[in-house]
Structure formats: C-alpha cells, structure tokens
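[1] Sequence and predicted structure are below.
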Amino acid sequence: MSLLVDNIGELVTNVPGAGEGGPLGIRRRAAVLVEEGEVAWVGPAADAPAADGRIDAAGAAVLPGFVDSHAHLVFAGDRAAEFAARMAGEPYTGGGIRTTVGATRAASDGELRATVRRLRAEALRQGSTTIEIKSGYGLTVADEARSLRIAAEVTGETTFLGAHVVPAEYADRPDEYVGLVCGPMLAAAAPYARWIDVFCERGAFDADHARAILTCGQAVGLDVRVHANQLGHGPGVRLGVELGAASVDHCTHLTDADIDALASTRFDCMCHEGGHTTTVATLLPGAEFSTRSPYPDARRLLDAGVTVALATDCNPGSSYTSSMPFCLALAVREMGMTPAEAVWSATAGGARALRRDDVGVLRPGARADLIILDAPSHLHLAYRPGVPLVRQVLHNGVPR
Ligand SMILES: [Zn+2]
C-alpha cells in the first residue's frame, strides 16, 4: 500500500538546500509519497506520482514528527501536591524523586505498562513519533530491569538511569550503591537499554561516581547521555563531552568553559550549515516551567555553534507534560530561539541527540513519521501556544 500526502501548503523537510528557510528546507505546494513505512518520494504536488491512498492536507503545513529525546515514562503515582507546594513557594530540590521510587516499586507490571502506554499515546497524539524513555524510578536490580523491559515494548530508545538518585536505603553508603549500579543492575538492565544516563548534580551523583557509572555502561556497549547542570553549575556538561556523550541534558547553568567544551565537539556536516556538535545540548524548558526556575539560554548556545535539541523531560515530578509543542513555544518565548530554530531542535535536533538520521527529516528513505498541522505554517506552533494544532500524525507511514 502506498499513500500520498498531497496538497501540502508548507512542507518542512529539514533537508537544507531542498527549499527555503535554511536548515528547515521548506517546500511550498508539495506532496510526500509513503511506502512500507518509509518516505518514498518528496516533490511538487503537481508532479506527485499515483498512490493507493491519498490524504489531502488542504494547504496545511506538514512537518517531520517530533523527536522527544528525553522522557521518564515508567513510574507510578503522581506528585500534584508537590507541584502545588512549589507553586506556593517551596523550592525544588529533586528529593521528590524518592516519592516516585516508592510508588513505582509497589506497582505491578500491568500498572507500569498502562502508564507507559497511556503517556506514549498522549505524546503521539501531540506529534511525537519518536520518544526516548528512561528507567530510574526502580533503583533495584529487578525494578530497573522491568522498567526498561516495559519501556522497550514501545520504543527502541531506552535509557538505563539507575543513577537517578541514591535510594533511601543506600543514603549513607553511596559508594556501595554505585557498585550495585555498575555491577548487577547494569547487567540486568543492559539487554533492554540502548543508552546509559546519570543525574550528575549536587545531591545526586558527583563527577567521580558519574564517570565510573557511565564508563561501565560504555564497556557493555551502551552509549552515553547525561543529566547535567540543571540545578546549578557543575561538572556534568564537561564530563559528557569528555566521554563523547550524544547529549547533555538540561544545561540550565552553564559557564563559558562548559559552552567552549560543547563547541569544541563541532564537525562539518552537509546537513546543517555551520556543522553540528557531536555532543548536543538538550534543553528541557518544561522543567523550568514546572519548577518556576530560570530558563536555559538557548541563544548563547546557538551563537556558540552548539547543536541544540528540545525535549519534554516528561516525568511526574518536575515536568509532567508530554507536549513538544508546549516546550517549543516556551523555547521561543523564554529562551531566545526563533520559531524556525525551535522547530528544527524539536525534530532534527532531537534526532541528533539520539544519533539518528532516519527520523526528524523528510527525505526518501527516512521513516514516514510526519505531522499535519491545523495551520498554514510551522510558525503557528509558537505563535498559537496551547492550541491543539496537530491535526493528524503518520507514524511509520500509518495514519493515527
Ligand atoms: Zn530527566
């Protein structure tokens, strides 16, 4: 079965040189042919080939599906009361993670699976066709392994985050917990994980512990990403660069040395003027929104030539949103990004952060993951915040 998405008013391809708008590669009056889950052809609507089925975009904008490269969907319970307390003036410390750990350990597989599937479906309705999912609320060998096993049922982008916090029962023995993470927990988690991640932050894991854990993960074939520099300045970003991380995530508090380290990973690339950085800075404005914290300075990173991704950080404590359009609007309003930069970062940028070249882009051979907006232009995503603008989603070529 072939399917033609026809009569597209504005097509964002993320193939520079394919049209206007620099890196967005915007084509007007375009069509996309989908076959066997892949993009088979992209071109002017007037030249569109015949197909078995047809979707009329009616002049609307079409974009690659969002790539949400940072989410924590395997958990039980919620922390609405903690949110309310924070909005009444209490500071965010990250300590509430342990509340979710307790609820997650007590939940059945079926309960965890239902939550993951509900949130995956919620994200898909809002245009996220690729999503990364972390463990990190189990923090025992068995609970981390089952978290990843359940996550792997809905995505290939699974991340072992046994080093989310030191669980209460190891509070005075952090070295021992690091040994557990590097040993039996990693062994049980690795078969279900593609990535390894550490929350490198004061109150969580310091540079030595984080390096030890990430290096153990690399030794068994997992690639590295790091929660870094969220709550204050620290070693996370530079550690990520040192270990060749695909992404350092949050980047809210950065020194010039952190930015220089990220910029030093730059390489030339045909797909983006000015190249890319091997280590992407993934910004998660939902977290700053939900903790009423200062936003990261995306402008400073972009001006230094650092590749920037946007993601939701969807989790029950510090960012309980699955909405990439919401994060994109925050990035434009609060972080100095242009609408075009934010769209790129939420699609192609997320793909870079996951080291994927088959998503976040619409060219022949890419996965047929695309969204049709209820709007004539990608500009409307930031211009009309809070409005459900994703009219239809194609995931692996299948209309949802
Ligand atoms: Zn996170």
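    Thanks, I have it. Numbering: from 1, shown residues only.

[2] Show me the strands in the stretch 301-400 of the chain, by range?
    In the stretch 301-400 of the chain, the strands defined using DSSP state E, counting those that start in this stretch lie at 308-310, 370-373, 390-395, 398-399.

[3] Let's see the pLDDT reported for the nearest residue to Ala168 once chain neighbours are set aside.
    Closest residue to Ala168 apart from its sequence neighbours, by C-beta to C-beta, 6 or more residues apart in numbering: Arg98 at 5.7 Å. C-beta: built from backbone N, CA, C; applies to glycine. Arg98 is assigned 86 on the pLDDT scale.

[4] The chain should start at 35 in everything you say after this.
    From this message on, residue numbering opens at 35, which makes the last subject Arg132.

[5] ok, and what's touching the strand or helix carrying Arg132?
    Taking DSSP states H and E as the definition, Arg132 sits inside helix 131-140. For helix 131-140, contacts defined as C-beta atoms under 8 Å, 6 or more residues apart in numbering pick out 108-111, 113, 116, 146, 170-174, 177, 181, 198-199, 201-202, 349-351.

[6] Over to stretch 419-434?
    Applying C-beta under 8 Å, 6+ apart, the contact partners of stretch 419-434 are 37, 39, 68-72, 89, 94, 99, 158-161, 163, 359-360, 363, 367, 401-409, 414-415.

[7] Endpoints of it, how far apart?
    23 Å (C-alpha to C-alpha, to the nearest Å).

[8] Buried subset of the contacts of stretch 419-434 as a ChimeraX selection?
    Here is the ChimeraX selection string for the buried members of the contacts of stretch 419-434, based on 16 or more other C-beta atoms under 10 Å:
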select :37,39,68,69,72,89,94,99,158,160,161,163,359,360,363,401,402,403,404,405,406,407,409,414,415
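
[9] returning to that earlier point: which one of the strands of the stretch 335-434 of the chain lies nearest to Ala186?
    strand 424-429 (17.3 Å; C-beta to C-beta).

[10] quick revisit: ok, of the contacts of helix 131-140, which come out buried?
    Here, 16+ other C-beta under 10 Å leaves 108-111, 113, 116, 146, 170-174, 177, 181, 198-199, 201, 349-351 buried among the contacts of helix 131-140.

[11] for Leu335, what are its contacts?
    Contacts of Leu335 (C-beta under 8 Å, 6+ apart): 285, 288, 293, 296, 315, 317, 342.

[12] repeat for Leu38
    65-68, 82-85, 87-89.

[13] quick one: which of those has the most company?
    Tallying neighbours with other C-beta atoms under 10 Å puts Val66 at the head of the contacts of Leu38, with 28 neighbours.

[14] residue ranges of the helices in the stretch 135-284 of the chain, please?
    143-159, 175-185, 208-214, 220-223, 241-253, 270-276 (DSSP state H, counting those that start in this stretch).

[15] okay, now the domains of the protein?
    Residue ranges for the domains of the chain, per the TED database: 36-99+395-433, 100-388.

[16] Name the stretch among those domains that sits most buried.
    Counting by mean count of other C-beta atoms under 10 Å, domain 100-388 has the highest mean neighbour count of the domains of the chain, with a mean of 21.

[17] all helices of the stretch 335-434 of the chain, in order?
    358-368, 373-378, 384-387, 414-417.

[18] quick one, which of those is nearest to Gly53?
    In terms of C-beta to C-beta, the element of these nearest to Gly53 is helix 373-378, at 12.6 Å.
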